[in-house]
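*Asks:* Quick one: sequence plus predicted model below, questions after.
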Amino acid sequence: QVQLAESGGGLVQAGGSLRLSCVASGRTVSSYTMAWFRQAPGKERAFVAAIIITKSARSTYSADSVKGRFTISSDTATRTVYLQMNSLQPEDTAVYYCAARTGIREATTFREYDYWGQGTRVTVSS
């Protein structure tokens, strides 16, 4: 089993920045994917960004809506994944979830992920 714990959410004004963190604990594998999703009120959980982690490489991909504003990164020594969010807009308001899956195939739907954190709320005021 894998446990995920997010932190870093909060209230920020439009144009501001936040950095979310997700710490993983429990089972370890050599190749896996960690991702961020978000869910706004009344909407489905939507893919934000993911990072594929292997012994020798990292690669990332993200949703078009956040390209150029959000950056996903990782620190394997601490098993932490970050989401740096810049130029935040009110439409970015949501609960942000960290997710993980084994394997390195690109995956952008929530059904493809096996492990989830509890979520951290981000509110962007106009």
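*Replies:* Looks like it came in fine. Numbering: from 1, shown residues only.
*Asks:* So the residue nearest the centre of the chain, which state does it fall into?
*Replies:* Among the residues of the chain, residue 36 comes closest to the average C-alpha position under C-alpha atoms, centre = their mean, at 2.0 Å. Put simply, residue 36 is strand when judged by DSSP: H, G, I helix; E, B strand; the rest coil.
*Asks:* Any idea what it is bridged to?
*Replies:* Beta-bridge pairing for residue 36 (DSSP bridges): residue 49, residue 98.
*Asks:* Quick one: mean pLDDT for stretch 66-76?
*Replies:* In this model, stretch 66-76 has an average pLDDT of 96.
*Asks:* and that stretch, which residues are buried?
*Replies:* Residues of stretch 66-76 classed as buried: 66, 70, 71, 72, 74 (neighbour count, 16 or more other C-beta atoms under 10 Å). Using the backbone N, CA and C atoms, a C-beta is placed for each residue, glycine as well.
*Asks:* tell me the contacts of residue 63?
*Replies:* Counting by C-beta atoms under 8 Å, 6 or more residues apart in numbering, residue 63 touches 46, 47, 48, 49, 108.
*Asks:* Tabulate the residues you listed in CSV, adding columns for pLDDT, neighbour count and distance to residue 85.
*Replies:* Below are these laid out as CSV (pLDDT from 0 to 100; neighbours: other C-beta atoms under 10 Å; distance: C-beta to C-beta, whole Å):
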residue, pLDDT, neighbour count, distance to residue 85
46, 98, 15, 14
47, 98, 21, 15
48, 98, 24, 9
49, 98, 24, 10
108, 96, 16, 18
